[in-house]
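Participant: Turn this into a model:
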Amino acid sequence: MSSSVSAVIADLKAQVQRMEGPAARWPMPTHPVLSSLLQLRSGGVYQVASPSLAMLLMAGPSSAGAWCAVVGIPQFGIEAARAIGVRTERVVYVPEVQTDELFNVVAALIEVVDVVVLAPTRVTPTQAARLVARMREKHCLLATWGAWPSADARLDWSHIEWRGVGLGHGNLQARRVTLEVHRGDRRTGAKRVWFPDVNLVVREDEQHSGSHTGEGAVVPRLRSVP
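Facilitator: Predicted structure coming up:
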């Protein structure tokens, strides 16, 4: 191939990359109580305040058939995840991993799953950028229980109320919380939800159904996994 033809091809590739921008970030299935606040996207990084909120992020993709992995969270409850809607038979569970092997393990999992949940330790911006770049190539979503440089959004909860507890007696029957989504220092959405209700279902609190969001639901797309 002549050098002039090679130069033309290289120029065309560069133009296509400029027009397409970064790697496409597909919308992913999102749990109903979360979808009006936040549309999950492949290649996204979502910071969560607890393992239960990580389960909520997993539930949408998992219910649609995605494979998930949980790394470095020994207190992650498989039964609790199943109750929220996670298909636990499609979860790769690595409860403990050495710190110096964490990124090698996650990098390997990104090749074969759609969602990775981990509790990162001592993550540098360079490490985070390298891992996220690979995730976006593979259209994988990352949920971190703990701080992560430049996360797309942070999922938290507040105003937690338990039902079923009296003055020194009774059984816990239900929990109602305010589910919050933050981007940077700004809260972009909040709603009251049962997490769970008396039937162990995570759902919106009909008496407080108002929420604020800048995103709507989108038809999801998942890459196939053998």
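
Participant: Pro95 is in contact with Phe76, isn't it?
Facilitator: Yes - at 7.2 Å, Pro95 counts as touching Phe76 under the criterion of CB atoms under 8 Å. Every C-beta, even on glycine, is put in place using the N, C-alpha and C of the backbone.

Participant: which residues do these two both contact?
Facilitator: Val70 (CB atoms under 8 Å, 6 or more residues apart in numbering).

Participant: between those two, which one's more packed in?
Facilitator: Phe76 (20 against 11; other CB atoms under 10 Å).

Participant: What's opposite Thr144 in the beta bridge?
Facilitator: For Thr144, the beta-bridge partners under DSSP bridges are Gln47, Leu118.

Participant: so it sits right up against Ala128, yeah?
Facilitator: No - here Thr144 lies out of contact with Ala128, judged by CB under 8 Å, at a distance of 9.4 Å.

Participant: shared neighbours, those two?
Facilitator: Joint contacts of Thr144 and Ala128 (CB under 8 Å, 6+ apart) are Val45.

Participant: Show me where the chain dips below the pLDDT cut-off.
Facilitator: 1-25, 121-122, 165-172, 208-226 (pLDDT under 70).

Participant: which stretches of it form strands?
Facilitator: Along the chain, counting by DSSP state E, strands occupy 45-48, 68-71, 91-94, 115-118, 141-145, 153-165, 170-183, 186-194, 203-204.

Participant: counting contacts, what elements does the third one pack onto?
Facilitator: Using 3 or more CB pairs under 8 Å, 6 or more residues apart in numbering; DSSP states H and E as the contact criterion, the secondary-structure elements in contact with strand 91-94 are strand 68-71, helix 78-84, helix 102-110.

Participant: Return the most buried member of the strands of the chain.
Facilitator: strand 115-118 (a mean of 26; mean count of other CB atoms under 10 Å).
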